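Asker: Sequence first, then the predicted structure, then my questions.
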There are 2 protein chains.
Amino acid sequence: MKSWIESANREETDFPLNNLPYGVFSARGGAAHCGVAIGDCILDLTALEADNNLGLFDRRVFGAPAWNDFMALGPEAWKRLRIWLIGALGEDSPVQAMAETYLVDRLSATMHLPFRVAEFTDFYAGKHHATNVGTMFRGPGNALPPNWLHIPIGYNGRASSVVVSDTDFHRPWGQIKKPDAPMPEFAPTRRFDFELEIGVIVGQPSEGPVSVVRADEMIFGYVLLNDWSARDIQVWEYQPLGPFQAKASATTISPWIVTRAALEPFRVPTPAREVPLLPYLEEPGPMLHDIDLEVAFATASRAETIIARTNMRELYYSPAQLLAHHTTSGCPMRVGDLLGTGTISGAGKENRGSLLELSWGGREPLELEGGIQRSFIEDGDTITLRGMACGAGYRIGFGECRGTVLPALEYPDAGG
Amino acid sequence: MKSWIESANREETDFPLNNLPYGVFSARGGAAHCGVAIGDCILDLTALEADNNLGLFDRRVFGAPAWNDFMALGPEAWKRLRIWLIGALGEDSPVQAMAETYLVDRLSATMHLPFRVAEFTDFYAGKHHATNVGTMFRGPGNALPPNWLHIPIGYNGRASSVVVSDTDFHRPWGQIKKPDAPMPEFAPTRRFDFELEIGVIVGQPSEGPVSVVRADEMIFGYVLLNDWSARDIQVWEYQPLGPFQAKASATTISPWIVTRAALEPFRVPTPAREVPLLPYLEEPGPMLHDIDLEVAFATASRAETIIARTNMRELYYSPAQLLAHHTTSGCPMRVGDLLGTGTISGAGKENRGSLLELSWGGREPLELEGGIQRSFIEDGDTITLRGMACGAGYRIGFGECRGTVLPALEYPDAGG
């Protein structure tokens, strides 16, 4: 598909006409608006709607700087907008002159969180990751927990900690107990890590349990997600109720929501089941996507090193299965819920989606460009996640999901 | 303190002039409004403000049916409203005639959730409960996890599942694996339980870590909280990332927010520390409250039985400590965050705040009125929590936190 916007037709753009991801941006110090990425531009939907040049919906949905109101309209509206955008931005557009007046330079825009995160749930759906972590913590004989092949393990995360790419943050403090110490200490984490995940955005609410088919229909789109993790805090706090402060400093997502519609051509099945799943988890068709993923590590002074490459198809459970499982208890889902898939590692050493795995618990430090070694993240280091689904002559790119870890702040004293 | 509303001066009322708890109600099919409970009445603050009869704040804060906007104003505003209410509803009120026109019959009003729950976190701060559960699961030698006396254990819960008292709900489905079965099954829970807790409402936001002193100032008020739990689902799903669907069907709170101000006369210290706490958790003064708590159990056809009595002072960690710990990682807190304390059990058999403990894992069924036995909750059973701080000739009551468990619904098929 060709666009009249030339930069959208280049093979190396993340944002061709096939993609049309949704974000929230501000330009030249103006207010944050909803927009669609197309090549090196953003189409300003908030302004376009405010001027009555959209006319697709019976009420204003892009007035707030978040895609929630639009998501709430449901799948028929999602389709209507995508069709309109392909028509308006395609090479034979009847409204090119009008649309041109709403284009903004993407490369100079500031990106914001694309939606209000209602609640955040993080899963553990990558088998290689669960096996690696289990092997380190419990030995190869007990690597996978007994429930793992039957149930998509997940925990509730903290929505308030979700930030958009390029939001830097300070190294967290926490309780840490060294294996041989009699008491814990309170200190900034020494084993700070990233986790390469995909974030799944729930675009429709539910009241009771839903099937895998219905769950798939409820998914609005996807982002890259880095679930920053303090491993030393985690190992001390997580028994018996799971991770808490170890994963509450920040969770970074990429700014552009790649829609389910854009990824339809890239559907692939989940891996072969090793034990039969209970019927409520069975998939009627391919529910994963063939999305190449990579992690880049850059220290403050050096060029980046690609430290891992993997693919979404390595997940054992699909986003639709995760969402269906999330509703089994009757747990109500809301527009704007964010689900993390869990770390997506592949089979090989170079396919691992966290430093815990890449450095094997710190015992095998990574070699970076310039002869630098790293087992965990040091102050000033930057982690960048990238993802793309590759079609014939085009790609559906996710853009970048990036964050830099700043030094720990001084901890407040008793009065602060 | 006496009120011109006679029902507020009766010794047995939960809502004397000293209390003045905040809720959201609707009456005679009208819209939901913010109100204050006083004896058998509710003062309609939404209407009073809309008519410009309040005049305390420079913007309208009771327009939405939730206390969040008012909470966001902060502690000085909280104090200003309380002073105004005591003046307006006290026996020498200069505005009695005006206020009378905003009184609604409390006993015929319908109550709603009193605030928008931003996020919900559930802790595990009761030592008797943690010891009882640990003894059942791991034996008396390993009852308390090694971290328990050092760190307030908590996990993120699901805000969308929080409901107000008298919201009945259906028995949840979930994955259950019997100890001797080779595979899990999918079925309605057979071990459904309640948990007696206090809910702590965060009324001020934070960006970085806060001290215990500051955390205490951020607390707006308290409710009773029943963290319904499916024990058979929980025991299969909770390793390694903690409880998830077992606690996501419903969490019931009482409708009236009892303010921190009303509970000031009832402050008591936490129990003696068994090991020294890290400095960030140290309390400069008494941070618990002397609140009597009880649990009533009623089957569909019989009178209720009081099955447990305990007190908030049994908690090992105070709400301020829980909140301070919650911010250690830099986790941002928001106006409307709800923290559950965890189950509050006392030392004796009759002081246990869950059926898991009261029936000792089902091995010692409870005897209820009418010769009925129960180990866990059956369809049609109703659990009611009550709480009150007892002063000289008056009490600060919480009202009731009640829910009835309905039979499980049929599970949706693959297309549903």
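Answerer: That came in fine, so what should we check first?
Asker: The closest residue to chain B within chain A: what's it in contact with?
Answerer: Residue of chain A nearest chain B, by CB to the nearest CB: A:G242 (2.4 Å). Every residue, glycine included, has its C-beta placed from N, CA and C. Contacts here follow CB atoms under 8 Å, 6 or more residues apart in numbering or on different chains; on that basis A:G242 touches A:155, B:155, B:238, B:240-243.
Asker: Tell me the spacing between it and B:S161.
Answerer: From A:G242 across to B:S161, the span is 17 Å (CB to CB, to the nearest Å).
Asker: re earlier: need the three-state assignment for the residue of chain A closest to chain B.
Answerer: Of the three states, A:G242 takes coil according to DSSP: H, G, I helix; E, B strand; the rest coil.
Asker: Backbone dihedrals for it, please?
Answerer: The phi/psi pair for A:G242 (degrees, to the nearest 10) reads phi 100, psi 180.
Asker: Nearest residue to it in space, please, no chain neighbours.
Answerer: Spatial nearest neighbour of A:G242, excluding adjacent residues (CB to CB, 6 or more residues apart in numbering or on different chains): B:G242 at 2.4 Å.
Asker: again, but for A:V210
Answerer: Nearest non-adjacent residue to A:V210, counting by CB to CB, 6+ apart: A:T327, 4.9 Å away.
Asker: What is the neighbour count of the one you found?
Answerer: Neighbours of A:T327 under the rule other CB atoms under 10 Å in any protein chain shown: 24.
Asker: isn't A:A37 right up against A:I257?
Answerer: No - taking contacts as CB atoms under 8 Å, A:A37 lies outside contact range of A:I257: 9.8 Å.
Asker: More neighbours: which of those two?
Answerer: Set A:A37 next to A:I257 and count neighbours by other CB under 10 Å: A:A37 wins out with 28 against 25.
Asker: what's the pLDDT at the more buried one?
Answerer: With respect to pLDDT, A:A37 has a value of 98.
Asker: How about A:F137?
Answerer: So, for A:F137, pLDDT stands at 83.
Asker: Would you mind pulling the contact partners of the helix or strand containing it?
Answerer: Under the criterion DSSP states H and E, the helix or strand holding A:F137 is helix A:127-138. The contact list for helix A:127-138 (CB under 8 Å, 6+ apart) reads A:124, A:142-145, A:148, A:153, A:271, A:314, A:316, A:342-347, A:351-354, A:356-357, A:360-361.
Asker: okay, and the common contacts of A:A37 and A:I257?
Answerer: Contact criterion CB under 8 Å, 6+ apart; residues shared by A:A37 and A:I257: A:21, A:23.
Asker: And the helices in chain A, which stretches?
Answerer: Remark: helices assigned in chain A by DSSP state H are A:45-50, A:68-73, A:75-89, A:96-100, A:127-138, A:212-218, A:231-237, A:260-263, A:319-326, A:355-358.
Asker: Pick the most buried one from those.
Answerer: Highest mean neighbour count among the helices of chain A (mean count of other CB atoms under 10 Å in any protein chain shown): helix A:319-326, with a mean of 27.
Asker: Which strands or helices does that one pack on?
Answerer: Where contact means 3 or more CB pairs under 8 Å, 6 or more residues apart in numbering or on different chains; DSSP states H and E, helix A:319-326 is packed against strand A:154-156, strand A:196-202, helix A:212-218, strand A:219-227, strand A:338-340.
Asker: how far off strand A:196-202 does that helix point, in degrees?
Answerer: Between the axes of helix A:319-326 and strand A:196-202, defined by axes from the mean of the first three to the mean of the last three CA atoms, to 10 degrees, the angle is 60 degrees.
Asker: How far off centre is helix A:319-326?
Answerer: On the basis of CA atoms, centre = their mean, to the nearest Å, helix A:319-326 sits 16 Å off its chain's mean C-alpha point.
Asker: Quick one: mean pLDDT over it.
Answerer: For helix A:319-326, the per-residue pLDDT values average out at 98.
Asker: CA atoms of it as PDB?
Answerer: Output of helix A:319-326 as PDB, limited to C-alpha atoms (Å, rounded to 0.1, in the frame of the first residue of the first chain):
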ATOM      1  CA  PRO A 319      -2.400 -12.700  24.700                       C
ATOM      2  CA  ALA A 320      -6.000 -13.900  24.100                       C
ATOM      3  CA  GLN A 321      -5.300 -16.900  26.400                       C
ATOM      4  CA  LEU A 322      -3.800 -14.600  29.000                       C
ATOM      5  CA  LEU A 323      -6.900 -12.300  28.900                       C
ATOM      6  CA  ALA A 324      -9.400 -15.200  28.900                       C
ATOM      7  CA  HIS A 325      -7.600 -16.600  31.900                       C
ATOM      8  CA  HIS A 326      -7.700 -13.200  33.600                       C
END
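Asker: burial count for the nearest residue to A:E185 once chain neighbours are set aside?
Answerer: Spatial nearest neighbour of A:E185, chain neighbours left out: A:I176 (5.7 Å); criterion: CB to CB, 6+ apart. By other CB under 10 Å, 22 other residues sit near A:I176.
Asker: I figured A:I176 hits A:F192, correct?
Answerer: No - judged on CB under 8 Å, A:I176 makes no contact with A:F192 at a distance of 11.6 Å.
Asker: for stretch A:5-24, which positions count as buried?
Answerer: A:5, A:8-9, A:13-24 (16 or more other CB atoms under 10 Å in any protein chain shown).
Asker: what about it, how long is it end to end?
Answerer: Stretch A:5-24 has an end-to-end distance of 20 Å (CA to CA, to the nearest Å).
Asker: Then stretch A:191-205?
Answerer: Rule used - CA to CA; the end-to-end distance of stretch A:191-205 is 37 Å.
Asker: Check the average confidence over it, would you?
Answerer: If you average the pLDDT over stretch A:191-205, you get 98.
Asker: Is that stretch positioned near chain B?
Answerer: No - for stretch A:191-205, no contact with chain B is found by CB under 8 Å from any CB of the partner chain; the gap never falls below 8.8 Å.
Asker: list the buried ones in that stretch?
Answerer: Buried residues in stretch A:191-205, counted by 16+ other CB under 10 Å: A:191-205.
Asker: Let me know the angle separating the biggest strand by length in chain A from strand A:196-202.
Answerer: In chain A, assigned by DSSP state E, the strand with the most residues is strand A:395-406. Angle, strand A:395-406 to strand A:196-202, by the same axes, to 10 degrees: 110 degrees.
Asker: Do a quick rundown of the strands in the stretch 301-416 of chain A.
Answerer: Counting by DSSP state E, counting those that start in this stretch, the stretch 301-416 of chain A has strands at residues A:305-311, A:338-340, A:366-368, A:372-374, A:382-390, A:395-406.
Asker: where does A:M1 land on pLDDT?
Answerer: Note on A:M1: pLDDT of 85.
Asker: Now do it against B:A187, distance only.
Answerer: Using CB to CB, one gets 49 Å for the distance from A:M1 to B:A187.
Asker: same thing with A:A37?
Answerer: As defined by CB to CB, A:A37 lies at a distance of 46 Å from B:A187.
Asker: remind me which residues of chain A are low pLDDT?
Answerer: Within chain A, the ranges that satisfy pLDDT under 70 run A:415-416.
Asker: same thing but at 90, please
Answerer: Within chain A, the set of residues satisfying pLDDT under 90 comprises A:1, A:137-139, A:141-142, A:301-302, A:370, A:412-416.
Asker: Tell me which two in the buried residues of stretch A:5-24 are the farthest apart.
Answerer: The span of these, defined through CB to CB, is set by A:N9 and A:V24 at 25.2 Å.
Asker: contacting residues for A:A262?
Answerer: With contacts defined as CB under 8 Å, 6+ apart, A:A262 is in contact with A:18-21, A:221, A:396.
Asker: again, only using 6 Å
Answerer: For A:A262, the contacting residues are A:19, A:396, by CB atoms under 6 Å, 6 or more residues apart in numbering or on different chains.
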